[in-house]
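In: sequence unavailable; structure follows:
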């Protein structure tokens, strides 16, 4: 979110991250020869049976009779828009085993790779079009790995490419058996309405089910889940099972848990369904200036955009109203403050949002941390605000090399931000509103990549918001990730999802609520947030940001997440009836668009 409109930085960031991973794959591109006992464990790698065994994004893949390298068929896949024409297949493998992945390809920017290896996911690519070329890479599976996903894809804006004779050669996978009963079920976090659970990972399991009083209430891909919608001061008993293609284990021993009395998770007294919007208070841009007094009652949380630092590393945040030269209709300071009080008297919350597109904030020192606390406190006190919104973008947050565990961050910019926000929360008390508006690159991309990776070379910003969200989850009122200005992101179904339709919001929001293993490590699972802590972030109009979603598609996303209807192909991991609502960039752009966004919100929720 920025002063002059949207910036599309994600594609470059994703390309950087992907290129780094591809470079790592290139290091192992010359694989050892297969042993006599090795077999090709891929299915239909020559596409002689059409797409049997393969899953392709959108309508990008098809079996064709020409050109082919051998046999009578090959795969043709065509990138379109934000779809890079990815086709993938889940293959059964053996743990601690070496595999060689190979395919013949034709076209420019064709990629071949494997994910879920349990060690280092690999990929390689060819840049030049022309005759058939062979791509080859290899990997060793982890100690608990029984399946991997092999894939091919092209690149955005390139013509169709072709794939034939794909093989994955190595030890044949053992028959899948029902996994063992999970052990070690325990509570990791507890509030009045939710319980975060974890347990020991089970070898051979591909998923887990959580039961409350014998009824299934949640599922997860890793050994952790959060159960929401509970009643304060109430005793519950939980059990967990492990699942894979062969079936479901017996239930674990029961764990008795009693929820707390308090509300937990940031207080704030928001309505059950909240509409959040950013108000361009310190600048104009093409949407025009909107006075605080002219903001309609539809908006429950109003984020003042933006408080910005005097320098990137100072931590000294300043905020002032838009200059009259830029905003001729700007109100006076006195009228602005009076309008804030009137909104609060009507039950609305007004926050200062720090950062945005231009406001890079790096709290790299304790001095910057302390300056941040002091200066933000001054803004809150001067305008009588209800709390703080963290909208750090660009290079504000990144992870130092070796900082690989989101549960125990060591990077100063991360550690100091967490400390500063906790200090502000302690200063202002339980009614202090804390919200965050990260981009998908800094949150959901963490399912695949985290920081610079275990061997370096990846973009250190990938997933960098996760340690901040996790450390502050008990203080967090709302997380509204920006589901726009984003490249395709892999969801919990291990498929890529692209912005602009209901599917993207369903998959991205479900990840926040179900939780996910970070960088594919099932021993480091980011626990899901409570639904009342989550809102979906969208642009208010086509002018406001790439990835605008029509009201009809917004309503489909809400139907799926809240009611589990209109879900399309994606299967959510719960029915998130307490989802808090929607956020948009911005109130000004919604006004410019005849209030389409807020009118649709009001209509959907009957307000």
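Out: All right, it came through fine. Bear in mind that the values here come from a model prediction, so they are computed numbers and not experimental data. Numbers count the residues shown, from 1 in each chain.
In: please count neighbours and contacts with C-alpha atoms only from this point.
Out: Noted.
In: what does the helix or strand where residue 351 lies contact?
Out: Taking DSSP states H and E as the criterion, residue 351 maps to strand 349-355. With contact meaning CA atoms under 8 Å, 6 or more residues apart in numbering, strand 349-355 is reached by 300-309, 317, 340, 343-344, 361, 379-380, 385-393, 433.
In: chain center to the helix or strand that comes right after that strand: distance?
Out: Using DSSP H and E, the helix or strand that follows strand 349-355 in sequence is helix 366-383. Here the centre of helix 366-383 is set off from its chain's centre by 29 Å, with CA atoms, centre = their mean, to the nearest Å.
In: so which bits of helix 366-383 are buried?
Out: 366, 368-377, 379-380, 383 (16 or more other CA atoms under 10 Å).
In: which pair in these spans the largest distance?
Out: 366 and 383 (26.1 Å; CA to CA).
In: what's the neighbour count on residue 238?
Out: Other residues lying near residue 238 total 25 when counted by other CA atoms under 10 Å.
In: spatially central residue for this protein, please.
Out: residue 444 (2.0 Å; CA atoms, centre = their mean).
In: roughly how far apart are it and residue 160?
Out: Distance from residue 444 to residue 160, counting by CA to CA, to the nearest Å: 28 Å.
In: for residue 537, same thing?
Out: In terms of CA to CA, residue 537 sits 33 Å off from residue 160.
In: those two: who's more crowded?
Out: Taking other CA under 10 Å, residue 537 and residue 160 do not tie; residue 537 has more neighbours (24 against 20).
In: quick check: that one is in a helix.
Out: No - using DSSP: H, G, I helix; E, B strand; the rest coil, the secondary structure at residue 537 is strand, not a helix.
In: quick one, what contacts it?
Out: So residue 537 contacts 437, 480, 481, 482, 483, 484, 582, 583, 584, 585 (CA under 8 Å, 6+ apart).
In: in the stretch 201-350 of the chain, where is pLDDT below threshold?
Out: Where the stretch 201-350 of the chain drops to pLDDT under 70, the residues are 261-268.
In: now the helices: where do they sit in it?
Out: 333-345 (DSSP state H, counting those that start in this stretch).
In: quick one on the thing from earlier: in contact with the residue nearest to the centre of the chain, which residues?
Out: Contacts of residue 444 (CA under 8 Å, 6+ apart): 463, 489, 490, 491, 508, 511, 512.
In: dihedrals phi and psi, it?
Out: Backbone torsions of residue 444, given as degrees, to the nearest 10, read phi -70, psi -30.
In: show me the helices in the stretch 401-550 of the chain, by range?
Out: 412-428, 466-471, 502-514.
In: what do you get for the stretch 51-200 of the chain?
Out: Under DSSP H, counting those that start in this stretch, the stretch 51-200 of the chain gives no helices.
In: so where's this protein uncertain?
Out: 2-37, 58-59, 173-176, 261-268.
In: OK, contacts around residue 572?
Out: 506, 507, 510, 560, 561, 564.
In: now do 10 Å
Out: Shown in contact with residue 572 (CA atoms under 10 Å, 6 or more residues apart in numbering): 218-219, 492-493, 506-507, 509-511, 513-514, 560-561, 564.
In: buried members of the contacts of strand 349-355 into ChimeraX, please.
Out: Listed next is the ChimeraX selection for buried residues among those, using 16+ other CA under 10 Å:
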select :300,301,302,303,304,305,306,307,308,309,317,340,343,344,361,379,380,385,386,387,388,389,390,391,392,393,433
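In: distance of the closest residue to residue 117 other than its chain neighbours from residue 43?
Out: Among residues not flanking residue 117 along the chain, residue 141 sits closest, at 5.0 Å (CA to CA, 6 or more residues apart in numbering). According to CA to CA, residue 141 and residue 43 sit 19 Å apart.
In: before we move on, what about residue 568?
Out: Between residue 568 and residue 43 the distance is 26 Å, computed by CA to CA.
In: please point out which parts of stretch 275-287 sit buried.
Out: 275, 276, 277, 278, 279, 280, 281, 282, 283, 284, 287.
In: so the last one sits against residue 589, correct?
Out: Yes - taking CA atoms under 10 Å as the definition, residue 287 is a contact partner of residue 589 at 5.3 Å.
In: surely residue 384 and residue 342 touch.
Out: No - Residue 384 sits out of contact with residue 342 when judged by CA under 10 Å, with a separation of 11.5 Å.
In: ok, the closest residue to residue 377 other than its chain neighbours - contacts?
Out: With sequence-adjacent residues excluded and distances taken as CA to CA, 6+ apart, residue 377 is closest to residue 424, at 7.4 Å. Applying CA under 10 Å, 6+ apart to residue 424 gives the contacts 372, 373, 374, 376, 377, 387, 388, 432, 434.
In: switch those over to TSV; also include distance to residue 231.
Out: Output for those, formatted as TSV (distance: CA to CA, whole Å):
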residue	distance to residue 231
372	37
373	35
374	38
376	35
377	35
387	27
388	28
432	23
434	23
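In: out of the residues you listed, which is nearest to residue 132?
Out: residue 434 (54.8 Å).
In: which residues touch residue 396?
Out: 312-313, 355, 359-364, 413-414, 461, 464.
In: so what's the residue count around residue 455?
Out: 10.
In: and the spatially closest residue to residue 573 that is not a sequence neighbour, how far from residue 332?
Out: Leaving out its chain neighbours, the residue that sits closest to residue 573 by CA to CA, 6+ apart is residue 219, at 5.6 Å. Residue 219 is 53 Å from residue 332, where distance means CA to CA.
In: more crowded one of those two?
Out: When residue 219 and residue 332 are compared for neighbours, residue 219 comes out ahead with 25 against 12, by other CA under 10 Å.
In: ok, the more buried one - contacts?
Out: Applying CA under 10 Å, 6+ apart, the residues near residue 219 are 207-211, 225-227, 240-243, 514-515, 572-574.
In: give the bridge partners for it, please.
Out: Under DSSP bridges, the beta-bridge partners of residue 219 are residue 209.
In: can I get the contacts of residue 396 in JSON lines with distance to residue 578?
Out: Listed next are the contacts of residue 396 as JSON lines, based on distance: CA to CA, whole Å:
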{"residue": "312", "distance to residue 578": "38"}
{"residue": "313", "distance to residue 578": "38"}
{"residue": "355", "distance to residue 578": "29"}
{"residue": "359", "distance to residue 578": "33"}
{"residue": "360", "distance to residue 578": "33"}
{"residue": "361", "distance to residue 578": "33"}
{"residue": "362", "distance to residue 578": "34"}
{"residue": "363", "distance to residue 578": "34"}
{"residue": "364", "distance to residue 578": "37"}
{"residue": "413", "distance to residue 578": "33"}
{"residue": "414", "distance to residue 578": "30"}
{"residue": "461", "distance to residue 578": "31"}
{"residue": "464", "distance to residue 578": "27"}
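In: all strands of the stretch 151-300 of the chain, in order?
Out: With strands called from DSSP state E, counting those that start in this stretch, the stretch 151-300 of the chain shows them at 161-170, 186-190, 195-198, 207-212, 215-220, 224-227, 235-244, 247-248, 255-258, 274-280.
In: the second one pairs with which strands, and in what direction?
Out: If I follow you right, that is strand 186-190. With DSSP bridges as the test, strand 186-190 pairs up with strand 195-198 (antiparallel).
In: roughly how far out does the partner strand sit from the chain middle?
Out: 20 Å.
In: which residues are contacting it?
Out: In contact with strand 195-198 (CA under 10 Å, 6+ apart) are residues 183-190, 210, 222-230, 236, 238-240, 255, 257-260, 525, 527-530.
In: pull out the buried members of those residues.
Out: 183, 185-187, 190, 210, 222-228, 230, 236, 238-240, 255, 257-260, 525, 527-530.
In: pick out whichever of residue 141 and residue 43 has more residues nearby.
Out: When residue 141 and residue 43 are compared for neighbours, residue 141 comes out ahead with 23 against 17, by other CA under 10 Å.
In: any idea how far the more buried one is from residue 424?
Out: From residue 141 across to residue 424, the span is 46 Å (CA to CA).
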